[in-house]
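Peer 1: sequence unknown, structure follows:
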């Protein structure tokens, strides 16, 4: 199926360069691969959240507090 998307000149140039490196004339296959990868990652993220939510209530208060503190420390150094 054909569709129109808006990309920057820089993105177009990078896509054409990558396509040329792969011996392809256009970048349609790159866009399809990128979309497939994005949708796969999005599904995995949704499944991870659903899996985590199924654990709700399975930690003791002490385990939950410990995990929350670990996450807080990670977030403090991540940024």
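Peer 2: Structure's in. What do you need? Here the structure is a predicted model, which means the values were calculated and not measured. Numbers count the residues shown, from 1 in each chain.

Peer 1: Quick one: low-confidence residue ranges for the protein.
Peer 2: Scanning the chain for pLDDT under 70 picks out the ranges 79.

Peer 1: contacts for stretch 17-28?
Peer 2: Outside of stretch 17-28, the residues within contact range by Cβ atoms under 8 Å, 6 or more residues apart in numbering are 12, 15-16, 29-30. C-beta coordinates here come from the backbone N, C-alpha and C atoms, glycine included.

Peer 1: Where strands are concerned, which of the residues you listed count?
Peer 2: Of the contacts of stretch 17-28, none are assigned to strands by DSSP state E.

Peer 1: Quickly check those residues for the two that are furthest apart.
Peer 2: 12 and 29 (15.0 Å; Cβ to Cβ).

Peer 1: Run a quick neighbour tally on residue 38.
Peer 2: For residue 38, the number of neighbouring residues by other Cβ atoms under 10 Å comes to 10.

Peer 1: From here on, call the first residue 11.
Peer 2: Let's use 11 as the start, then, which means that last one is residue 48.

Peer 1: Phi first, then psi, for it.
Peer 2: Per-residue torsions, residue 48: phi -60, psi -50 (degrees, to the nearest 10).

Peer 1: Can you say which helix or strand has the residue nearest in space to the middle of the chain in it?
Peer 2: Nearest to the geometric centre of the chain sits residue 51, at 4.7 Å (Cα atoms, centre = their mean). Taking DSSP states H and E as the criterion, residue 51 maps to helix 38-64.

Peer 1: contacts for the very next helix or strand once past that helix?
Peer 2: Using DSSP H and E, the helix or strand that follows helix 38-64 in sequence is helix 71-88. Helix 71-88 is contacted by residues residue 69 when judged by Cβ under 8 Å, 6+ apart.

Peer 1: Of all the residues in helix 71-88, which ones are buried?
Peer 2: Neighbour counts using 16 or more other Cβ atoms under 10 Å place no residue of helix 71-88 among the buried ones.

Peer 1: Return the backbone torsion pair for residue 67.
Peer 2: Backbone torsions of residue 67, given as degrees, to the nearest 10, read phi 90, psi 0.

Peer 1: Can you give me the distance of it to residue 42?
Peer 2: 42 Å (Cβ to Cβ, to the nearest Å).

Peer 1: Perfect, that will be all.
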